[in-house]
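*Asks:* curious how this folds, go ahead:
(one chain, ligands or ions: 3)
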Amino acid sequence: MNNYFSSTNKQLPVLALIIGNSRLHWGLFIDKNLYTTGDISHLPISVIHQLAAYPTLDNWLTAISLPSDLPIAPDHPIPVILASVVPSQTAFWQNYPHLCLLTLADVPLQEMYPTLGIDRALAVWGAGITWGFPALVIDAGTALTFTGANAQKSLVGGAILPGLGLQFASLGQKTGQLPLLETGLISSLPPRFAMNTSRAIQSGIIYTLLAGIKDFIDHWLLLFPESKIIITGGDSDFLQKHLENQFPEIGNRLILEKNLIFLGMREVVIVNY
Ligand SMILES: Nc1ncnc2c1ncn2[C@@H]1O[C@H](COP(=O)(O)OP(=O)(O)OP(=O)(O)O)[C@@H](O)[C@H]1O
Ligand SMILES: CC(C)(CO)[C@@H](O)C(=O)NCCC(=O)O
Ligand SMILES: [K+]
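*Replies:* Ligands and ions are numbered 1, 2, ... in the order given. Predicted coordinates for the structure are as follows:
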């Protein structure tokens, strides 16, 4: 790990970046506390090169919309902790000074398989450290993932399927006459047996997804009845709300934590430097 993250720099700000498949999530830590967060499009390579040449707060202020009233000097260099599941994007950051690129080796979870996504490892570690092991994480992002860990802090495994947005996109893009729907525009659940195309697509995708999530949770709870279950990711509010309506006993025990991966990053790097 980079020297910058050693014990001399306790009070300094650190920018945590999570590069997901749809977008970039950033979180600014000041003195080990998550101060502010945001979601933006992946940064263009030209912007990343500029930041690498001048990694100061005022350059970051123009690259991402950080608050302008931060308690940090404008010429202060900003160290970055990066967790990426998009290798082509990771490559753009190689020359950033004070970069800490997280890999599975940084996560103390036992029995990980080598191609496990770093986002999943950080999320389940963050969940277990925050709420206790065993823990099951449901990450409703571009892909929807289940990731479980047991009381021995070992990976139990999980599952990967297309996320809500990707399910709508696949029907909209790979068919001749189905419209491309957006999750954000769905204010209420459709009737299960729908009488128009949009509502029929919504019904098929949403009810199948909710039932599938319930089925995974039920199976997990047979193995680990006392487990905590944490949901995160771009579609987590939507899914939690509707799981609560459809399956109250499951909805009520779900913990919603939008910053789960940042909590994992805090545990593996920030609190230790
Ligand atoms: N402003 C937004 N832009 C893009 N997606 C959004 C937005 N708000 C909510 N979403 C939902 O978030 C989902 C993507 O989740 P998220 O942003 O967590 O993905 P990601 O982190 O890029 O993906 P992953 O980590 O799975 O690679 C989409 O299915 C979409 O419905
Ligand atoms: C599954 C995603 C896309 C979720 O972001 C990511 O964690 C990833 O690319 N994982 C690698 C494969 C795996 O986790 O088994
Ligand atoms: K994700």
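*Asks:* mind checking the longest helix of the chain?
*Replies:* In the chain, ranked by residue count with DSSP state H as the criterion, the top helix is helix 197-223.
*Asks:* that helix - contacts with which helices or strands?
*Replies:* Other elements packing on helix 197-223 under the criterion 3 or more C-beta pairs under 8 Å, 6 or more residues apart in numbering; DSSP states H and E are strand 135-140, strand 143-149, strand 155-162, helix 164-174, helix 236-246, helix 248-251. Placement of C-beta: from N, CA and C, glycine included.
*Asks:* note down every partner strand of the helix or strand that that helix is followed by and its orientation.
*Replies:* With elements assigned by DSSP states H and E, the helix or strand that comes after helix 197-223 is strand 228-232. Strand 228-232 pairs in its sheet with strand 135-140 (parallel), strand 254-256 (parallel), by DSSP bridges.
*Asks:* on that earlier part again, for the longest helix of the chain, the distance to its chain's centre please.
*Replies:* A distance of 20 Å separates the centroid of the chain from that of helix 197-223, by C-alpha atoms, centre = their mean, to the nearest Å.
*Asks:* excluding its backbone neighbours, what's nearest the residue in the chain that ligand 2 sits nearest to?
*Replies:* Closest residue of the chain to ligand 2, C-beta to the nearest ligand atom: residue 117 (1.9 Å). Counting by C-beta to C-beta, 6 or more residues apart in numbering, residue 117 lies nearest to residue 85, which is 5.0 Å off, once chain neighbours are set aside.
*Asks:* and the pLDDT at the one you found?
*Replies:* Looking at residue 85, its pLDDT is 98.
*Asks:* equivalent analysis for residue 3, please.
*Replies:* 50.
*Asks:* the one 4 residues further on too?
*Replies:* As summarised for this prediction, residue 7 has a pLDDT of 44.
*Asks:* and if you look at residue 178?
*Replies:* Looking at residue 178, the pLDDT reads 97.
*Asks:* which ones are touching it?
*Replies:* 171, 172, 197, 201 (C-beta atoms under 8 Å, 6 or more residues apart in numbering).
*Asks:* show the buried residues in those.
*Replies:* residue 201 (16 or more other C-beta atoms under 10 Å).
*Asks:* for the contacts of residue 178, work out which two are farthest apart.
*Replies:* 172 and 197 (11.1 Å; C-beta to C-beta).
*Asks:* find residues that contact each of those two.
*Replies:* By C-beta under 8 Å, 6+ apart, the residues touching both residue 172 and residue 197 are 178, 179.
*Asks:* quick revisit: what number of residues lie near the residue of the chain closest to ligand 2?
*Replies:* Residues lying near residue 117 (other C-beta atoms under 10 Å) number 20.
*Asks:* now swap in residue 200 and tell me
*Replies:* With other C-beta under 10 Å as criterion, residue 200 counts 16.
*Asks:* residues contacting whichever residue of the stretch 101-250 of the chain sits closest to ligand 3?
*Replies:* Going by C-beta to the ion, ligand 3 is nearest to residue 141 of the stretch 101-250 of the chain, at 3.0 Å. Neighbour list for residue 141: 20, 21, 22, 119, 163, 233, 234, 235 [criterion: C-beta under 8 Å, 6+ apart].
*Asks:* what's the end-to-end length of stretch 213-232?
*Replies:* Taking C-alpha to C-alpha, to the nearest Å, stretch 213-232 runs 13 Å from one end to the other.
*Asks:* could you see whether ligand 3 lies near it?
*Replies:* No: residues of stretch 213-232 contacting ligand 3 under C-beta under 5 Å from the ion: none, with a closest distance of 7.7 Å.
*Asks:* run through who's touching that stretch.
*Replies:* 123, 127, 131-132, 134-140, 146, 148, 150-151, 156, 159, 239-240, 243, 246-247, 250, 253-261.
*Asks:* redo the strands paired with strand 228-232 as a markdown table? Include distance to ligand 2, mean pLDDT and mean neighbour count.
*Replies:* Below are the strands paired with strand 228-232 laid out as a markdown table (distance: least, C-beta to the nearest ligand atom, whole Å; pLDDT from 0 to 100; neighbours: other C-beta atoms under 10 Å):
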| stretch | distance to ligand 2 | mean pLDDT | mean neighbour count |
| --- | --- | --- | --- |
| strand 135-140 | 6 | 98 | 27 |
| strand 254-256 | 18 | 98 | 17 |
